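1. The sequence isn't on hand, but the structure is:
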């Protein structure tokens, strides 16, 4: 699990893909501290497993599903990426719950300054907008951000100077892809309420077509 608080930006030294899978090598410093082979590091929000450590860089395997779901395949040598080690149990929880499992790629629609902040407007892939709520949390290229606005075409975040300086987001431009991960809590709520299947207190499945009309009786019957 991650928090979406970026620890540093690293540099892609090599990305080798054969078909849609392969390996990536990234130069870094802070995230290598106390890191061992088998540990997880989020790269632009993608949870990758460290398979090799050498000097000031690490390598990770990349599977086809990761390339399909994310913008990783578009990275080139010398590109900068956001990095975060997996959260420790004794550390502060400064962002929100980020799994490192990308839902899909959005596209930056526009970037506009408002005093000391930059508004970044993003068009998400089809079907993802329903999981994005105003004042809720979203991870964009691994960065924990608050959704400032939502409309029928997409959503916007307002990026403060510190976030702009410590991450890669403001180095992008309109038309660039970004990795999106919506709030994991919202996904479970949506699955429960709209799947048509609920579980009683004993764990027994029972069909329950709610059509989105949640009542107090429904919640009580299903253990809430």
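-> Looks like it came in fine. As the structure is a prediction and not an experimental result, all values here were calculated from the model.
2. ok, now which residue in the chain is the farthest from the centroid?
-> Computed with Cα atoms, centre = their mean, the residue of the chain farthest from its C-alpha average is residue 217, at 34.9 Å.
3. got a list of what the most centrally placed residue in the chain touches?
-> Computing the C-alpha centroid of the chain and ranking residues by Cα atoms, centre = their mean puts residue 181 first, at 3.5 Å. Counting by Cβ atoms under 8 Å, 6 or more residues apart in numbering, residue 181 makes contact with 45, 98, 99, 100, 101, 102, 103, 138, 139. In this view, the C-beta of every residue, glycine as well, is placed from N, C-alpha and C.
4. so where does the residue farthest from the centre of the chain fall, helix or strand?
-> Using DSSP states H and E, the element containing residue 217 is helix 216-221.
5. now the contacts of residue 181 as JSON lines including distance to residue 189 and secondary structure?
-> Below are these laid out as JSON lines (distance: Cβ to Cβ, whole Å; DSSP: H, G, I helix; E, B strand; the rest coil):
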{"residue": "45", "distance to residue 189": "22", "secondary structure": "coil"}
{"residue": "98", "distance to residue 189": "17", "secondary structure": "strand"}
{"residue": "99", "distance to residue 189": "15", "secondary structure": "coil"}
{"residue": "100", "distance to residue 189": "20", "secondary structure": "coil"}
{"residue": "101", "distance to residue 189": "17", "secondary structure": "coil"}
{"residue": "102", "distance to residue 189": "20", "secondary structure": "coil"}
{"residue": "103", "distance to residue 189": "15", "secondary structure": "coil"}
{"residue": "138", "distance to residue 189": "16", "secondary structure": "strand"}
{"residue": "139", "distance to residue 189": "18", "secondary structure": "strand"}
